[in-house]
Structures are given as C-alpha cells and as structure tokens.
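Trainee: sequence plus predicted model, see below.
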Amino acid sequence: MKSNLLSIIYCILLSFSIAQVEAQVIWNPEAQCATDVNGQCVPNTLLSAVPFLTIIPDAIGGGMGDAGGATAVNPYSMHYNSSKLAFADRESSFGLSYTPWLRNLGLTDVFLAYIGGYKRISDQETFGGSFRYFSLGEINFTDINGGPLGSGQPREFELTAAYARKLSPKLSAAVGAKFIYSNLASGQSIGTIDVTSGKAFAADISMTYHSNPDLRGIGTDFAFAASVTNLGSKISYTASAAREFIPANLRLATAYKMNMDEYNTVTFALDLNKLLVPTPYPFGHPEFDDDGDGTADYRQKSTFGGLFGSFADAPGGFGEELKEFAISIGAEYWYDQQFAVRAGYFYENALKGDRQYLTIGLGLKYNVIGIDIAYLAPTNSQRSPLDNTLRFSFTFNGFGDDAQ
C-alpha cells in the first residue's frame, strides 16, 4: 500500500529518532536539565541512526520484556550476545522471526524479518550467522508544497557473522562482524543536496560465564553475560551532512534456571542496556556548540570518542547517566520441554525515551520444531509501534540434546 503523510512522518521518526525542539527549551543549571516554558525538565533522549538494529527480533525475548543476553541458546542469540553460542547443546539450529510494525496505523507493508542460525563445529567452537531486514513500506514523496516527487520503498538490512569459543568449561567469548545498509530516500534531494543510501561496518564483542550448581538437589543453570554490539563506523545519507552514530549498545545480563523436576523448568532473566553514543547537549547549554560552527558538538565526536565518552558526558552528571540504562526483566516456564509461558517488563526512564511496557508470550515445541508468539502492552501513555501486535518466531532445531 502507499502510505500517507502521517505514515511518512512515523517512518522518519523511526529512522532518525525525535530531535529536541531547540527554540523552546533552555538549560537550567540548578535543575541540571533542559526545561520548557513551564520550567519542567524535557526529554534528552539518546539519538542515533539505523535504530532498527536495536529492535528485538524474536518472540522469545520479546515475550520476556526484551531480556535475552544470558538465557538459553537459540537462533536469535546473536542479537543479544553471540558468546553464549559456545554453550549450545545442539549441533545446529535455524530460526525465522517476523514482527509486524505500526499495525495500529493500518499499515501492512512495514515489518521486521530476521533469519538466524548457528552450527557447532567442535565442543569448543560455534559459528553463527543472521540477516535482519526492515521494510518501511511504500512511500509517496512530496515537495514542500505537496507536489509529487515519485514514490520509493525505504528498506534497511544487517548481515552478521559470529564466532564463539569456550575459553574454559565455564567461560566463553565471541566476536562478530556485520554490514549495515540503510536506504530511506535514495534518489531524492533536500534542496541541492542529494540523498543517498547509508552504509556502515560494525563489530560485536561478548563474553559469557555459565555454571551448573546443584542447590539442595535442584538442578540449576546460572549465567552472566556482557556484550557490546554495533560498535562501528558512523553513517551518513548525504555527501555533505555530518555523519551520525549507529546504536552501539552495552548489555549486561544474567539468568537463573531451575529444573524443579523432570517436567517443570523456570527461568528468571535480567538485562541492563545502555546506548554507547554521546548524550545530546540541549540547546542553550554552554557546550551545545562550543566551537561555534553551527553543528552540535556531540554530533562531531569520533566513533571511539563517543563510545568512551558516553559513560561520563551527560549534562546532568552521574544521575543522568544512570537514567540511560534500560531495564528488562523476564520469566519463562517450560512444561515437559513442550509448552512455555513467558512474561516480562521493560522500563526506560521518562527523560530517556519513556518506553515502559509489559510483555507476554507462549511457546510450543514438537520434536525439532518450535513456534513462539509474543504480545506487548504499554503501561504508560507512550505509544509503541508494536501496540496490539503479535510477533512470531519459528525454530528448527538440529540434532543433539535439548537446549532448553
């Protein structure tokens, strides 16, 4: 279908995030935040290009509040943490996931698709690969007066390969490489500036600690993981514009699984996420444009300058830095390794995006085939592109023991 103007606006917001309305806010040194005309702190959300890289691709993690950094290995593990692939119990696994996007607007051609899988080549080594595709549907472009400029089909994709290895029986590490392509309005122009497709290269680095303590006769699994994903070059859609940061992300995760008996298993998971990109300085702050070249200074930082500076660059100090961590809490129950129920909660500070929602999910496994679904329900007034939407994942497990 061809999207109307409202749909185009939503696509732009998804691709570039919401910029601050600079003329309406001022920096308040006492409150350590930017305030509006009523003196209230306004959001200071972290901004990046290609935010589709941060969308949870599967219905398993999607049913657990977006937690998945230290949970059981599956074909979607590379989004969260590639190093846990080294602990895969199966020789191979393949998965396909489909996430409709903006269905509340009546759009049927905007979606995220993800294909992933892994192959264990020895007791110590595992290779993985994935392909993520984000379609923004068909859009009618117009000029400032509403005149037609043709139509286009914005789309983005990411191609990833990963290698995971056990460093000891309880510790693993992994590296991944990825190519990112983003075509939002290629062939169009902004004044005299031609819009092109954006391209970037990135890497993932991760480690996992995994143990199987026996507590009072109850078989348990404990895992702790740390990963940095999307660590790579900046991206631009024009030849003259400043290049933008891609969403490098730090994930700290832990999971605890209890095998209560031969039929019942419960897992609890916790993930903390922080984007490793510069915190914007609000308009009016003394360091917004210190060099006076007309471009916000935080946008001009180098890739590594933005990465390492992201832990101590918030204009509101350490308190604001802590607000940049998003929290995912999830739980999963399996009965007889055939039927699963999941639930979770995702929290993001009101000044850093304000995404807050509950999730639920179901899983069904028969022999080597698995089907999972997830549903999201916002708990505040912040609307989500996944409102009233079911997302689906299909998994084919190869030979070997059950990874659950």
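Mentor: Yep, it's here.
Trainee: tell me where this structure is predicted with low confidence.
Mentor: Scanning the chain for pLDDT under 70 picks out 1-25, 37, 143-145, 149, 188-192, 214-218, 240-241, 283-287, 289-294, 399-404.
Trainee: find the residue at the geometric middle of it.
Mentor: With distances taken as CA atoms, centre = their mean, Thr54 lies nearest the centre of the chain, 1.9 Å away.
Trainee: wait, that one touches Pro247, no?
Mentor: Yes: in terms of CB atoms under 8 Å, Thr54 counts as a neighbour of Pro247; the distance is 5.1 Å. Every residue, glycine included, has its C-beta placed from N, CA and C.
Trainee: overlap in contacts of the two?
Mentor: Shared between the contact lists of Thr54 and Pro247 (criterion: CB atoms under 8 Å, 6 or more residues apart in numbering) are residues Asn230, Leu275.
Trainee: partners of the helix or strand containing Ala174 in the sheet?
Mentor: Ala174 is part of strand 171-183, with elements assigned from DSSP states H and E. According to DSSP bridges, the neighbouring strands of strand 171-183, each with its direction, are strand 155-168 (antiparallel), strand 198-211 (antiparallel).
Trainee: can you redo those as CSV with mean neighbour count?
Mentor: Shown next, in CSV, are the strands paired with strand 171-183 (neighbours: other CB atoms under 10 Å):
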stretch, mean neighbour count
strand 155-168, 19
strand 198-211, 20
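Trainee: which of the ones you listed sits closest to His79?
Mentor: Taking CB to CB as the measure, the strands paired with strand 171-183 were each checked against His79, and strand 155-168 came out nearest at 8.6 Å.
Trainee: pull the distance from the closest one to the chain's centre.
Mentor: Taking the mean of its C-alpha atoms, strand 155-168 sits 15 Å from the chain's own mean (CA atoms, centre = their mean, to the nearest Å).
Trainee: and the contacts of that strand?
Mentor: Under the criterion CB under 8 Å, 6+ apart, external residues in contact with strand 155-168 comprise 50, 52-53, 78, 82-87, 123-136, 172-184, 204.
Trainee: and the residues you listed, which are buried?
Mentor: Burial by neighbour count, judged by 16 or more other CB atoms under 10 Å, picks out 50, 52-53, 78, 82-87, 126-130, 132-136, 172-174, 176, 178, 180-184, 204 from these.
Trainee: dump the strands paired with strand 171-183 into a markdown table; add distance to Val341 as well.
Mentor: Putting these into a markdown table (distance: least, CB to CB, whole Å) gives the following:
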| stretch | distance to Val341 |
| --- | --- |
| strand 155-168 | 29 |
| strand 198-211 | 24 |
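Trainee: which one of these lies closest to Gly62?
Mentor: strand 155-168 (17.7 Å).
Trainee: put the alpha carbons of the closest one into CSV.
Mentor: Coordinates of the C-alpha atoms in strand 155-168 are reproduced here as CSV (Å, rounded to 0.1, in the frame of the first residue of the first chain):
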residue,chain,number,x,y,z
ARG,A,155,14.4,-0.5,3.5
GLU,A,156,17.3,-1.4,5.7
PHE,A,157,19.2,-4.6,6.4
GLU,A,158,22.0,-6.0,8.5
LEU,A,159,24.2,-9.1,7.7
THR,A,160,26.1,-10.6,10.6
ALA,A,161,28.6,-13.4,11.1
ALA,A,162,29.9,-14.5,14.5
TYR,A,163,32.5,-16.9,16.0
ALA,A,164,32.1,-18.2,19.6
ARG,A,165,34.7,-20.2,21.6
LYS,A,166,34.9,-21.7,25.1
LEU,A,167,37.9,-20.3,27.0
SER,A,168,37.2,-22.7,29.8
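Trainee: quick check: bridge partners of the residue lying closest to Phe94 once chain neighbours are set aside?
Mentor: With sequence-adjacent residues excluded and distances taken as CB to CB, 6 or more residues apart in numbering, Phe94 is closest to Gly117, at 3.9 Å. With DSSP bridges as the criterion, Gly117 is bridged to Phe94, Gly129.
Trainee: cool, Ser211 as well?
Mentor: With DSSP bridges as the criterion, Ser211 is bridged to Phe222.
Trainee: my read: it touches Phe222, true?
Mentor: Yes: shown here, Ser211 and Phe222 form a contact pair, counting by CB under 8 Å, at 5.3 Å.
Trainee: quick check: buried residues in stretch 307-317?
Mentor: Neighbour-count burial for stretch 307-317, with 16+ other CB under 10 Å as criterion, is recorded at Leu307, Gly309, Ser310, Asp313, Ala314, Pro315, Gly316.
Trainee: what's that stretch in contact with?
Mentor: Residues outside stretch 307-317 that contact it (CB under 8 Å, 6+ apart) are 27, 32-33, 44, 231, 248, 274-279, 281-282, 285, 287, 298, 301, 318, 320-321, 323-324.
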